[in-house]
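Q: predicted model and sequence below, questions to follow.
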Amino acid sequence: MMTAPAAKANVAENRPVRSAGHDRGENVAQSILVAEDERNLVEALSFLMQRAGYEVHVARDGPTTVQMARQLSPDLVLLDVMLPGFDGFAVVEAIKSDPGGRAPRIIMLTAKGHEKDRQKAIALGVDDYVTKPFSNRDVVDRVRGLLGQAGGGP
């Protein structure tokens with residue numbers, strides 16, 4: 001089950017949390033865009049991804065998620081289905097249809113466990129679909145798997 005981290009993640013809304021060496025071009029971490037409007041989940045997911053060595057960016061609504069995905073070209077988006085502005089399905093359509101950018105890997109994290117929603121997500125090009133509540137280890141392992149990294153860790 002998803003639990004709040006013991007230490008509060010230092011994540012500023014819509015700004016990256018940079019890993020050591022990022023500004024000098026050394027060992028640049030792969031980047032994750034967390035698109036979630038629920039504060040506790042933003043903090044928990046940000047903490048988990050930072051701990052796993054990723055650079056984390058946060059968006060709290062659909063339009064901001066699309067804008068940040070286009071500007072930052074993250075390696076992966078952890079995307080809630082139910083976002084303000086427009087939903088995660090519309091976000092996927094916008095990101096995947098952008099002719100000028102590289103489409104990131106996308107994991108949808110959602111309370112919507114209906115098979116029709118899962119099928120819609122997969123048809124739109126989502127790489128993975130995880131229903132809430134989820135285990136911390138499972139999310140980190142799925143991210144690592146999609147980004148071609150060895151498993152294990154938090």
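A: Cool, the structure landed. Numbering: from 1, shown residues only.
Q: and the helix or strand hosting Ala44, how far from the chain's centre?
A: For Ala44, the element it lies in under DSSP states H and E is helix 39-51. What separates the centre of helix 39-51 from the centre of its chain is 10 Å, taken as Cα atoms, centre = their mean, to the nearest Å.
Q: what does stretch 124-137 give?
A: 10 Å.
Q: can you check stretch 129-141 too?
A: That offset, for stretch 129-141, works out to 12 Å (Cα atoms, centre = their mean).
Q: for the record, mean pLDDT for that stretch?
A: Across stretch 129-141, pLDDT averages out at 93.
Q: which positions within that stretch qualify as buried?
A: By 16 or more other Cβ atoms under 10 Å, the buried positions in stretch 129-141 come out as 129-130, 136, 139-141. Where you see a C-beta, it was placed from the backbone N, CA and C, and this is true even at glycine.
Q: okay, the helix holding Ala44 in PDB with CA atoms only?
A: Taking only C-alpha atoms (Å, rounded to 0.1, in the frame of the first residue of the first chain), the coordinates of helix 39-51 have been written out as PDB:
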ATOM      1  CA  ARG A  39      -0.600  16.300  -2.200                       C
ATOM      2  CA  ASN A  40       0.200  13.100  -0.200                       C
ATOM      3  CA  LEU A  41       0.800  11.100  -3.300                       C
ATOM      4  CA  VAL A  42       2.900  13.800  -4.900                       C
ATOM      5  CA  GLU A  43       5.100  13.800  -1.800                       C
ATOM      6  CA  ALA A  44       5.300  10.000  -1.600                       C
ATOM      7  CA  LEU A  45       6.000   9.400  -5.300                       C
ATOM      8  CA  SER A  46       8.500  12.200  -5.400                       C
ATOM      9  CA  PHE A  47      10.300  10.800  -2.400                       C
ATOM     10  CA  LEU A  48      10.400   7.300  -3.900                       C
ATOM     11  CA  MET A  49      11.700   8.500  -7.300                       C
ATOM     12  CA  GLN A  50      14.300  10.700  -5.700                       C
ATOM     13  CA  ARG A  51      15.500   7.900  -3.500                       C
END
